[in-house]
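K.L.:
Quick one, fold the following:
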Amino acid sequence: QVQLVESGGGLVQAGGSLRLSCAASGRTFSWYPMGWFRQAPGKDREFVAAIDRNGGTYYAQSLKGRFTISRDNGKNTIYLQMHTLKPEDTAVYYCAADIRRMVGLSTRRDEYDYWGQGTQVTVSS
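P.N.:
Residues are numbered from 1 along each chain as shown. Now for the predicted structure:
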């Protein structure tokens, strides 16, 4: 079992920055890849970024350059640093754990086994 708790969401003006955190507990955190997804009202949950057990990262192409994913295995936490936020970034952001994957990472939400409850990010214009 893995428990994931996101934090750091909130209301920010367009052009601003936020850093989301996701604290994990329950299994050896450093063993598995982690991802961030987001879901805007009326839309499907979409991939944002992922980080593998060795720190390798991958981003949704449309977000690359503005978002940065990182992990601190000592704190069992991953982060999503978001810059130059736009109103279209408004969504609930979820972190997820892919505990079955030994190598690499996935962008597919159905390959992630555990999810947090989400944190709301609202970007005003």
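
K.L.:
contacts, neighbours, all on C-alpha from now
P.N.:
Fine.

K.L.:
so the residue most central in space within the chain, which of the three states?
P.N.:
The residue lying closest to the centre of the chain (C-alpha atoms, centre = their mean) is W36, at 2.1 Å. Following DSSP: H, G, I helix; E, B strand; the rest coil, we place W36 in the strand state.

K.L.:
Skipping its backbone neighbours, what lies nearest it in space?
P.N.:
Nearest non-adjacent residue to W36, counting by C-alpha to C-alpha, 6 or more residues apart in numbering: C95, 4.5 Å away.

K.L.:
name the helices or strands packed onto the helix or strand harbouring that neighbour?
P.N.:
Of the helices and strands defined by DSSP states H and E, C95 is found in strand 91-97. Where contact means 3 or more C-alpha pairs under 8 Å, 6 or more residues apart in numbering; DSSP states H and E, strand 91-97 is packed against strand 3-7, strand 34-39, strand 114-115, strand 119-124.

K.L.:
One more pass at 6 Å, please.
P.N.:
For strand 91-97, the packing partners by 3 or more C-alpha pairs under 6 Å, 6 or more residues apart in numbering; DSSP states H and E come out as strand 34-39, strand 114-115, strand 119-124.

K.L.:
What's opposite the residue nearest to the centre of the chain in the beta bridge?
P.N.:
A49, C95 (DSSP bridges).

K.L.:
and the nearest residue to D72 once chain neighbours are set aside, how many residues sit next to it?
P.N.:
Leaving out its chain neighbours, the residue that sits closest to D72 by C-alpha to C-alpha, 6+ apart is I78, at 6.2 Å. Neighbourhood size, I78 [other C-alpha atoms under 10 Å]: 24.

K.L.:
what residue ranges in this structure score low on pLDDT?
P.N.:
Nowhere does the chain drop to pLDDT under 70.

K.L.:
Name the stretch among the helices and strands packed on strand 91-97 that sits most buried.
P.N.:
strand 34-39 (a mean of 25; mean count of other C-alpha atoms under 10 Å).

K.L.:
Dump the C-alpha coordinates for that one into PDB.
P.N.:
Extracted C-alpha coordinates of strand 34-39, given in PDB (Å, rounded to 0.1, in the frame of the first residue of the first chain):
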ATOM      1  CA  MET A  34       6.200   8.800  -9.800                       C
ATOM      2  CA  GLY A  35       4.000  11.000 -11.900                       C
ATOM      3  CA  TRP A  36       1.900  14.200 -12.000                       C
ATOM      4  CA  PHE A  37      -1.400  14.400 -13.800                       C
ATOM      5  CA  ARG A  38      -4.000  17.000 -14.000                       C
ATOM      6  CA  GLN A  39      -7.700  17.200 -14.700                       C
END
